[in-house]
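> below are the sequence and a predicted model for it; my questions follow.
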Amino acid sequence: MLLLSGTAAWAQDAVPGATTQAVSISTRVTVNETVTDNVALSGAAAKSDQITEISPGIHVNVNGARLKTYLDYALTHVNYAQGTSASRNQNALNTFGTFEAIDNWAFLDFSGNISQQTISAFGTQSTNNTAINANRTEVENFKLSPYVKGRLGDAANYEARVSRSVTSSDSSTASNSATTDSVIKVSNASAYRSLGWTADLSRQQANYSTGRATEANTYSLGLTYEVTPLVKLSANAGQESNNYTSLDKQNYSTSSVGINWFPSERTTLSALTGKRSFGNTHNVSFEHRSSRTVWRFSDSKDVSTTPNQNGVGVIGNLYDLFYSQLEGSGLSAAERAQRVNALLQSYGLSANTPVVGGFLTSAISVQRSQNLSLALLGVRDTITFLLTRTENNRLDTITSVVDNLSNGATVVQNGFSVNYSHRLTPDYSLGMSLSRQNTSGSTAAEETTLKSFNVNLSGKVGRRTAASLGLRRVVSDNATNPYTENAVTGNLNVQF
């Protein structure tokens, strides 16, 4: 998106005189003060409080010959001056990377995330992590993925990968999960032939602590055809065996057709439609870039095995929005993260500004996600827009575990977010954000709307020190606990 044009300039300007290093480590301490008139988000008995957050953090970036990794971690101590809640600690982690164990053959991908997430789609919703809200919990997700890839003589390329993902939360009502994916892919070796072929064999095992284990085995054979260098077609057919809707595995036929179109260097379109055991699937994406804007649209429907809100195509906060819009830019994951952080810092934007939320699930589901985003980057102004819609249905009809998708329920979430930042001076910026999210279920009582408005003034008060002052208003409408909250926030960040 906006990060794709002019990024090199502002990435370098974020730290004057900076040069690329194989290993860079920086530390920080952030102090945040919030004065709120409704700390417990209550519609009946609002209580005010002053909340202090102290967050030491570390940022590590490694760009070595064998190891490339990005890590950002912060431990936040939250204290409530009026004693409305006991003090507590919160973790925030974002890390990913690749290790090349054997030259051009054996690799290890890894990632980790710790964040505060919503448990129930119809419980009390909030836009910040310091509110006293039993419907928020800390969720951890870690993934390891070793793989090998190479050539089988002059005949074919191959890749064999095993991925292990583990998700857990602090909530006793949410399910922990462990998912193992094993995949073997073989394709024709020549990249210059118009007609190509592929063969895939995969196995997925998903286990839920409060649910049951499911397994799916698939194999497929495919053909690719390059009509022109700008248009590529694909088709495949195969078989899937799973126990998503039965105690024993059943066999199903699968198929798909797709097209990739590159009408220009700045415009791409890809579309894939297929059929699996549970019905039709698809994945459509469109991107158009200009010198100062990027338009992105995506629409996907497929199985979701991860029991947290970071499902297929779901955008959680402003960092996620910017990061997703760098997809396809040719940058490595670490380079994308660096540029996102530089942009956020340069324009005084908070990485944790919510864009659209989700909820925790306890069994395999089918999710359709649609996102339309636009960003404009001017010399002094940054504007981002996001429209999003997700629809979730439980796929595993055998399990008896209870969550928002039990008893055939469908949960639909619609939202939009607008963020604007104006650089007042080289060191100071004024930012505003407006968001709205509506969540609906199978009954009229299962509906909630969350609206928020934020104004923030931020800037540098020293070579390594930044400060901000903000105002926040939140309005939540639902059948059980409608509430309003107003808050004043102040932030001081010192880099070491």
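Done, it's in.
> so which strand or helix has Ser476?
strand 465-478 (DSSP states H and E).
> each with direction, which strands does that strand pair with?
strand 447-460 (antiparallel), strand 483-495 (antiparallel) (DSSP bridges).
> can you dump the C-alpha coordinates of that strand into PDB?
The C-alpha trace of strand 465-478 is given here as PDB (Å, rounded to 0.1, in the frame of the first residue of the first chain):
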ATOM      1  CA  THR A 465      12.400  10.400  23.300                       C
ATOM      2  CA  ALA A 466       8.900  10.700  22.000                       C
ATOM      3  CA  ALA A 467       5.700  11.800  23.700                       C
ATOM      4  CA  SER A 468       2.000  11.800  22.800                       C
ATOM      5  CA  LEU A 469      -1.300  13.100  24.200                       C
ATOM      6  CA  GLY A 470      -4.600  11.700  23.200                       C
ATOM      7  CA  LEU A 471      -8.400  11.700  23.600                       C
ATOM      8  CA  ARG A 472     -10.700   8.600  23.200                       C
ATOM      9  CA  ARG A 473     -14.400   8.000  23.100                       C
ATOM     10  CA  VAL A 474     -16.000   4.600  22.800                       C
ATOM     11  CA  VAL A 475     -19.600   3.700  22.400                       C
ATOM     12  CA  SER A 476     -20.800   0.100  22.600                       C
ATOM     13  CA  ASP A 477     -24.400  -1.000  21.900                       C
ATOM     14  CA  ASN A 478     -25.600  -4.500  22.800                       C
END
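> run through who's touching that strand.
The contact list for strand 465-478, computed with CB atoms under 8 Å, 6 or more residues apart in numbering, reads 41, 122, 124-128, 345, 348, 447-461, 482-495. Quick note: C-beta positions are derived from backbone N, CA and C, even for glycine.
> out of the residues you listed, which end up buried?
Taking 16 or more other CB atoms under 10 Å as the criterion, what is buried in those is 41, 122, 124-128, 345, 348, 447-452, 454, 456, 458-460, 483, 485, 487, 489, 491, 493, 495.
> identify the residues contacting stretch 157-167?
Under the contact criterion CB under 8 Å, 6+ apart, stretch 157-167 has outside partners 109, 139-152, 176-189, 306-308.
> run the chain-centre distance for it.
Taking CA atoms, centre = their mean, to the nearest Å, one finds stretch 157-167 lying 20 Å from the centre of the chain it belongs to.
> now it: buried residues?
Buried residues in stretch 157-167, counted by 16+ other CB under 10 Å: Asn157, Tyr158, Arg161, Ser163, Ser165, Val166, Thr167.
> can you check stretch 126-135 too?
Neighbour-count burial for stretch 126-135, counted by 16+ other CB under 10 Å, picks out Ser126, Thr127, Asn128, Asn129, Thr130, Ala131, Ile132, Asn133, Asn135.
> so where's the stretch 1-150 of the chain shaky on pLDDT?
Along the stretch 1-150 of the chain, the parts satisfying pLDDT under 70 run over 1-21.
> run through the strands of it in chain order.
Listed in chain order, the strands of the stretch 1-150 of the chain (DSSP state E, counting those that start in this stretch) span 23-36, 49-63, 67-80, 88-102, 106-118, 136-152.
> nearest to Leu405, out of those?
Nearest of these to Leu405, taken as CB to CB: strand 106-118 at 14.2 Å.
> angle of that closest one against strand 136-152?
160 degrees (axes from the mean of the first three to the mean of the last three CA atoms, to 10 degrees).
> strand 106-118 - contacts with which helices or strands?
Contacts defined by 3 or more CB pairs under 8 Å, 6 or more residues apart in numbering; DSSP states H and E place strand 106-118 against strand 88-102, strand 136-152.
> check contacts around Arg368.
Counting by CB under 8 Å, 6+ apart, Arg368 touches Asp299, Ser300, Lys301, Thr390, Glu391.
> and if you look at Tyr244?
By CB under 8 Å, 6+ apart, the residues touching Tyr244 are Thr214, Ala216, Ser277, Phe278, Val303, Ile364, Leu395, Asp396, Thr397.
> tell me how far the helix or strand harbouring the fifth one is from the chain's mean position?
Okay, so that is Val303. If you go by DSSP H and E, Val303 is part of strand 293-304. Offset of strand 293-304 from its chain centre (CA atoms, centre = their mean): 12 Å.
> stretch 482-496 now?
Distance of stretch 482-496 from its chain centroid, counting by CA atoms, centre = their mean, is 23 Å.
> could you look up the SS state of Arg336?
With DSSP: H, G, I helix; E, B strand; the rest coil as the basis, Arg336 sits in helix.
> next, count neighbours for it.
Using other CB atoms under 10 Å, Arg336 has 22 neighbouring residues.
> ok, it to Val379 distance?
To Val379, Arg336 is 23 Å away according to CB to CB, to the nearest Å.
> would you reformat the buried residues of stretch 157-167 as CSV and include distance to Gly415?
Below are the buried residues of stretch 157-167 laid out as CSV (distance: CB to CB, whole Å):
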residue, distance to Gly415
Asn157, 41
Tyr158, 42
Arg161, 34
Ser163, 30
Ser165, 26
Val166, 29
Thr167, 23
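> what is the most widely separated pair among those residues?
Asn157 and Thr167 (31.9 Å).
> how far out from the middle of the chain is the host helix or strand of Thr254?
Thr254 is part of strand 250-264, with elements assigned from DSSP H and E. The chain centre lies 24 Å from the centre of strand 250-264; the measure is CA atoms, centre = their mean.
> following element in sequence after it, please.
Defined by DSSP H and E, the subsequent element after strand 250-264 is strand 267-276.
> quick one: strands adjacent to that next one?
Here strand 267-276 is paired, per DSSP bridges, with strand 250-264 (antiparallel), strand 279-289 (antiparallel).
> and the closest residue in space to Phe496 that isn't next to it in sequence, what does it touch?
Nearest-residue entry for Phe496: Thr27, 4.5 Å, with adjacent residues in sequence omitted and distances by CB to CB, 6 or more residues apart in numbering. Taking CB under 8 Å, 6+ apart, we find Thr27 in contact with Pro56, Gly57, Ile58, His59, Gln495, Phe496.
> state the number of residues packed around the first one.
A count of nearby residues for Pro56, using other CB under 10 Å, gives 14.
> before we move on, what about Thr137?
Thr137 has 18 nearby residues by other CB under 10 Å.
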